[in-house]
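> predicted model and sequence below, questions to follow.
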Amino acid sequence: MNELLRLLMINARESVENLAKMLDRTPDEVRAEIADLEKRGIIRGYQAILNEDALGNDRVMAIIEVKVTPEREGGFNHVAMRASRFPEVVSAHLVSGQADLLLFVEGRTLKEVATFVSEKLAPLPGVTATTTSFLLKTYKKHGVLMETPDEYERIQVSP
Amino acid sequence: MSMNASRSALDCVAHHVRNVPRSGIRDFFDIVSTMRDVISLGVGEPDFDTPWHVREAAVFALERGATHYTSNLGLLKLRQAIARYVKSFFGVEYDPESEILVTVGVSEAMDLAVRALVNPGDEVLYHEPCYVSYRPLVTFAHGTPVAVETRMEEGFRLTRSMLEQRASHRTRLLILNFPNNPTGAALREQEVREIAAFAIDRDLLVLSDEIYSELTYGRRHISLLSQPGMRERTILLHGFSKAFAMTGFRLGYACGPAELIEAMMKIHQYTMLCAPVLSQEAAIEALKQPDRDVAEMREEYDRRRRFIAASFREMDLPFVMPEGAFYAFPCVAGLGLPSKEFVLRLLKEEKVAAVHGTAFGACGEGHIRCSYATAMEDIKEAMARMARFIERLQK
């Protein structure tokens, strides 16, 4: 992967000046490349990674496995895109294994998510079955641990 | 023990030990450890923790009952893994049965090699600025250390002519360390060829401490062993501390001709017995996917290296772009302070710890060692503080 992208994936809020120093390029070059990556739709957005448990956020997240009968033309894409357009669906993936689609769905309450599944998702043409698992606790998200383990102290000066 | 009244305890310490000063880093460490909120660029070890799969393997080994002595040479399985790794990385083959010795860090391997090879009065060539232990180890072995000074103007690299100037008919051994701590210098092929020719022409043995060989930037490490005629006169010293972030495991190794390894093994056998078995088990795991672990860390070091270099440029500090290890060695001579005073004031006024160049030999005067084995966020803050400090000095 492009090194600039890798740095942005570690910290999208890094200043252009610092990025330029790390990449041995000028700030203008870095600015231009980021603009280009955004324009080409490779960078789709920037988000904060939150520890929602610590926030006392009581929103509900569920993982929904969806079985789908593929269409003659378009396979799973049509159903997947239709499901993805619901704002409740946070992420959607085509997967191998028992299910075909794996959706992460968010709602205010358990009931809201359950209603979404039974009234919006399950009736979609092509969907033959769903299995819902509610998330109870998140330990790691986007490569980031949700709790910082105690750091083992390193000596300050060594040869 | 009762002592004669006219004799102090210090008098009882052997002369060749008494006369060796303790490491300048040690004194500095004592000062730093009394202070709070210091950002340290003074650390000679990776800031990464050991890769998780390696730690997990050590835990598993402990559960399995890996709590016993091993062979003096080290676990055969580990020596075999080392042989495969050394062959693929350095391109040289060693027999795991007789040509590889597993030690407690490269530090022990270096000590063993010097003691096994140096007769009293033999001269040992080494280059400065360098790691703090070479000179004392030679002294402890009753040899005569002879320093060859490398300079910023030549990129802190070593050439044959520098060596020729300090060699004599009593020179027996040459100690090399590239990529270098503290300068970050790495040798080019031309220099490696010349140094090999020098060793062969003078019939010298060579201890090549290549502990940082995986951490080079922009160009691949060129080992002294790549040169014809060097395998039979060289002991390669390497280990797991730097590339695999395993400093606390204390695990190194020596590869060389069977007779030399056997001599080192004798000292190791009677002093250390064997390297800790848990560390050996962890090392076996580390060698299962060396490239992946190392590549991730190297990329991060490289970013920091470029960042720190760009920062020095902004501060107008002369420096040589480091090509290996994780140290930069900028020149602060133009700011009017001896390097020791520079680092003490930088520590006191801005709470940034760097190590004075003279800790690595007298010719390190005018320089400071900045380790970039520190998280990027800390490096950014340290560079900002250092720039502020330098600006004040220039007023």
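Arrived safely, thanks for sending.
> domain assignment for the chain?
Answering for chain A, as no chain was given. Following automatic domain parsing, one finds the domains of chain A at A:3-39, A:52-137.
> hm, I was asking about chain B
B:9-49+B:292-394, B:65-289.
> turn those into JSON lines, columns for distance to residue A:39, mean pLDDT and mean neighbour count.
Where C-beta positions appear, they are placed from N, C-alpha and C, glycine not excepted. Listed next are the domains of chain B as JSON lines, based on distance: least, C-beta to C-beta, whole Å; pLDDT from 0 to 100; neighbours: other C-beta atoms under 10 Å in any protein chain shown:
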{"stretch": "domain B:9-49+B:292-394", "distance to residue A:39": "25", "mean pLDDT": "94", "mean neighbour count": "19"}
{"stretch": "domain B:65-289", "distance to residue A:39": "31", "mean pLDDT": "97", "mean neighbour count": "20"}
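> got these as JSON lines, with distance to residue A:19 columns?
Supplementary listing: these in JSON lines, determined by distance: least, C-beta to C-beta, whole Å:
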{"stretch": "domain B:9-49+B:292-394", "distance to residue A:19": "9"}
{"stretch": "domain B:65-289", "distance to residue A:19": "18"}
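> any idea which of those gets closest to residue B:58?
Set against residue B:58 and scored by C-beta to C-beta, the domains of chain B come closest in domain B:65-289, at 4.1 Å.
> picking that back up, the domains of chain A: which one's closest to residue B:149?
Using C-beta to C-beta, those put domain A:3-39 closest to residue B:149, at 30.2 Å.
> report the buried residues of that closest one.
Applying a neighbour-count criterion of 16 or more other C-beta atoms under 10 Å in any protein chain shown, one finds A:4, A:7-8, A:14, A:18-23, A:25, A:30, A:33-34, A:37 buried in domain A:3-39.
> take the residues you listed and keep only those in helices.
Residues of those located in helices (DSSP state H): A:4, A:7-8, A:18-23, A:30, A:33-34, A:37.
> could you dump the residues you listed into JSON lines and include pLDDT and distance to residue B:139?
Shown next, in JSON lines, are these (pLDDT from 0 to 100; distance: C-beta to C-beta, whole Å):
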{"residue": "A:4", "pLDDT": "96", "distance to residue B:139": "50"}
{"residue": "A:7", "pLDDT": "94", "distance to residue B:139": "47"}
{"residue": "A:8", "pLDDT": "96", "distance to residue B:139": "52"}
{"residue": "A:18", "pLDDT": "95", "distance to residue B:139": "45"}
{"residue": "A:19", "pLDDT": "96", "distance to residue B:139": "48"}
{"residue": "A:20", "pLDDT": "96", "distance to residue B:139": "47"}
{"residue": "A:21", "pLDDT": "95", "distance to residue B:139": "42"}
{"residue": "A:22", "pLDDT": "94", "distance to residue B:139": "42"}
{"residue": "A:23", "pLDDT": "94", "distance to residue B:139": "45"}
{"residue": "A:30", "pLDDT": "97", "distance to residue B:139": "51"}
{"residue": "A:33", "pLDDT": "97", "distance to residue B:139": "55"}
{"residue": "A:34", "pLDDT": "97", "distance to residue B:139": "56"}
{"residue": "A:37", "pLDDT": "96", "distance to residue B:139": "58"}
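> nearest spatial neighbour of the residue of the stretch 251-395 of chain B found nearest chain A, chain-adjacent residues omitted?
Residue of the stretch 251-395 of chain B nearest chain A, by C-beta to the nearest C-beta: residue B:310 (3.8 Å). Spatially, and ignoring its direct neighbours in sequence, residue B:310 is nearest to residue A:21 (3.8 Å; C-beta to C-beta, 6 or more residues apart in numbering or on different chains).
> with just CA atoms, put stretch A:69-84 into PDB.
Output of stretch A:69-84 as PDB, limited to C-alpha atoms (Å, rounded to 0.1, in the frame of the first residue of the first chain):
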ATOM      1  CA  THR A  69     -30.400 -16.600  -3.100                       C
ATOM      2  CA  PRO A  70     -28.100 -15.100  -5.700                       C
ATOM      3  CA  GLU A  71     -29.800 -13.500  -8.700                       C
ATOM      4  CA  ARG A  72     -29.200 -14.800 -12.200                       C
ATOM      5  CA  GLU A  73     -27.500 -11.500 -13.100                       C
ATOM      6  CA  GLY A  74     -25.700  -9.600 -10.500                       C
ATOM      7  CA  GLY A  75     -25.200 -12.400  -8.000                       C
ATOM      8  CA  PHE A  76     -25.300 -11.000  -4.400                       C
ATOM      9  CA  ASN A  77     -24.500  -7.400  -5.300                       C
ATOM     10  CA  HIS A  78     -28.000  -6.200  -5.800                       C
ATOM     11  CA  VAL A  79     -29.300  -7.500  -2.500                       C
ATOM     12  CA  ALA A  80     -26.100  -6.400  -0.700                       C
ATOM     13  CA  MET A  81     -26.400  -2.800  -2.000                       C
ATOM     14  CA  ARG A  82     -30.000  -2.600  -1.200                       C
ATOM     15  CA  ALA A  83     -29.300  -3.700   2.400                       C
ATOM     16  CA  SER A  84     -26.300  -1.400   2.700                       C
END
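> give me the pLDDT for residue 5.
With no chain named, the answer covers chain A. You'll see residue A:5 listed with a pLDDT of 96.
> you answered for a different chain; I wanted chain B.
We note a pLDDT of 62 for residue B:5 in this prediction.
> next, give me the two most distant ones among the buried residues of domain A:3-39.
Farthest apart among the buried residues of domain A:3-39 by C-beta to C-beta are A:21 and A:37. That separation is 19.2 Å.
> interface residues of chain B facing chain A?
Contact residues (C-beta under 8 Å from any C-beta of the partner chain) of chain B with chain A: B:23, B:25, B:28-29, B:32-33, B:38, B:40, B:42-45, B:47, B:49, B:131-133, B:181, B:299, B:303-304, B:306-307, B:309-311, B:353, B:355, B:359, B:376, B:380.
> for the most centrally placed residue in chain A, what are its contacts?
Geometric centre of chain A, nearest residue: residue A:91, 5.9 Å, by C-alpha atoms, centre = their mean. Residues near residue A:91 by C-beta atoms under 8 Å, 6 or more residues apart in numbering or on different chains: A:103, A:104.
> so for the host helix or strand of it, what gets flagged as buried?
Element membership for residue A:91, per DSSP states H and E: strand A:89-94. The neighbour-count check on strand A:89-94 (16+ other C-beta under 10 Å) flags A:89, A:92 as buried.
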